[in-house]
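Undergrad: kindly return the folded structure for what I paste below:
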Amino acid sequence: MGLFRNYVNQTRKPEGFLGKMMLAGMNPGHAKLADWGLGHLPALDPRRIADLGCGGGRNAGELLKRYPAAHVTALDYSALSVEKAKKTNKKAIAAGRCAVLEGDVSNLTLPAGTFDLVTAFETIYFWPGLEKCFAQAAKILKKGGIFLICNESDGADETGLKFETIIDGMKCHTPEEIEVALKSAGFSGIKTIRHSAKPWITVIAKK
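TA: Model (predicted):
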C-alpha cells in the first residue's frame, strides 16, 4: 500500500522516478476523457488558448490539432510535467505555435485579457481554493472567453472519494460546488454536462 500511495500521490505534482512513471501514463490515460470534454465546446475559432495544469502535454497537442490557427500556452507547477509537455509538443514549440511554462494557477503571470479559451483537465482537484484560482482563469480570459473544466469525478463517485483519502490535498468537487465558485469568480452562462455512463463531468463557463 505504501508504494501504491506514493505512486498515486504523483498525480498531484509529479516528481522523481515515480513522477516520470505517472506522466508516462497520463497522456494516454486521460485522452478519452479530454476528448469527450472537448466535444462539448461550442463552435469556436480561438487564437490564444491556455491549458492550465497541463500534465504531460497531450491535451495541449490536441488543442493545437483542433484549432490550427491557435497558439497554445501550456502551464504546470511541476517541473517534471513541463519537461514532459515540452517533449510531447516539441514540433509545435519549434513552429512557434506552443509554449510550455512552469507556473502557479493561483497566481498566474500570463497576460491579462488575452486568451479566448482556457482549459483545465483533471487538475482542479488540487487547486488551492477554487474561487481564487477560477478568478485567475477569468483574469487571463478575454471578455466573452470560454473556460472548460473536465473531471473524471463528479464529486460523489466511490472511486473519486476513495482517492481523496489516498492522495494528499485532493478534493473531488461536485458540479454545484464548481458552479458556485465560477459565479463568485465572475463567470456566467455556466453549463454542466454529465457522461451518460460514467461519473465524468464537463463544465463550461463564459467570462
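
Undergrad: only C-alpha atoms for contact and neighbour calcs from this point on.
TA: Will do.

Undergrad: for this protein, what are the low-confidence residue spans?
TA: Within the chain, the set of residues satisfying pLDDT under 70 comprises 1-10, 12, 17-19, 21.

Undergrad: please, where are all the helices along the protein?
TA: In the chain, the helices defined using DSSP state H lie at 2-8, 16-29, 31-38, 58-66, 79-88, 90-94, 130-140, 158-166, 175-184.

Undergrad: grab the most central residue of the protein for me.
TA: Ala120 (2.2 Å; C-alpha atoms, centre = their mean).

Undergrad: how about that one: which residues does it bridge to?
TA: Beta bridges link Ala120 to Ile149, judged by DSSP bridges.

Undergrad: so what's it up against?
TA: Counting by C-alpha atoms under 8 Å, 6 or more residues apart in numbering, Ala120 touches Asp51, Leu52, Gly53, Cys54, Leu148, Ile149, Cys150.

Undergrad: could I get the residues you listed as a markdown table with distance to Ala137 and neighbour count?
TA: Output for those, formatted as a markdown table (distance: C-alpha to C-alpha, whole Å; neighbours: other C-alpha atoms under 10 Å):
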| residue | distance to Ala137 | neighbour count |
| --- | --- | --- |
| Asp51 | 10 | 23 |
| Leu52 | 9 | 26 |
| Gly53 | 12 | 28 |
| Cys54 | 14 | 29 |
| Leu148 | 10 | 21 |
| Ile149 | 11 | 23 |
| Cys150 | 15 | 25 |
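
Undergrad: just give me the closest of those residues to Phe115.
TA: Comparing those against Phe115 with C-alpha to C-alpha places Asp51 closest, at 10.4 Å.

Undergrad: near the nearest residue to Ala135 once chain neighbours are set aside, how many other residues are there?
TA: Leaving out its chain neighbours, the residue that sits closest to Ala135 by C-alpha to C-alpha, 6 or more residues apart in numbering is Ala185, at 4.6 Å. By the measure other C-alpha atoms under 10 Å, the count of residues near Ala185 is 20.

Undergrad: ok, Leu108 next?
TA: Around Leu108 there are 17 residues (other C-alpha under 10 Å).

Undergrad: quick check, it in contact with Gln136.
TA: Yes. Counting by C-alpha atoms under 8 Å, Leu108 touches Gln136, with 6.3 Å between them.

Undergrad: that older thread, and the helices of the chain: which comes nearest Ala197?
TA: helix 31-38 (12.4 Å).

Undergrad: and the contacts of that closest one?
TA: With contacts defined as C-alpha under 8 Å, 6+ apart, helix 31-38 is touched by Arg58, Asn59, Phe121, Ile149, Cys150, Asn151, Glu152, Trp200, Ile201, Thr202.
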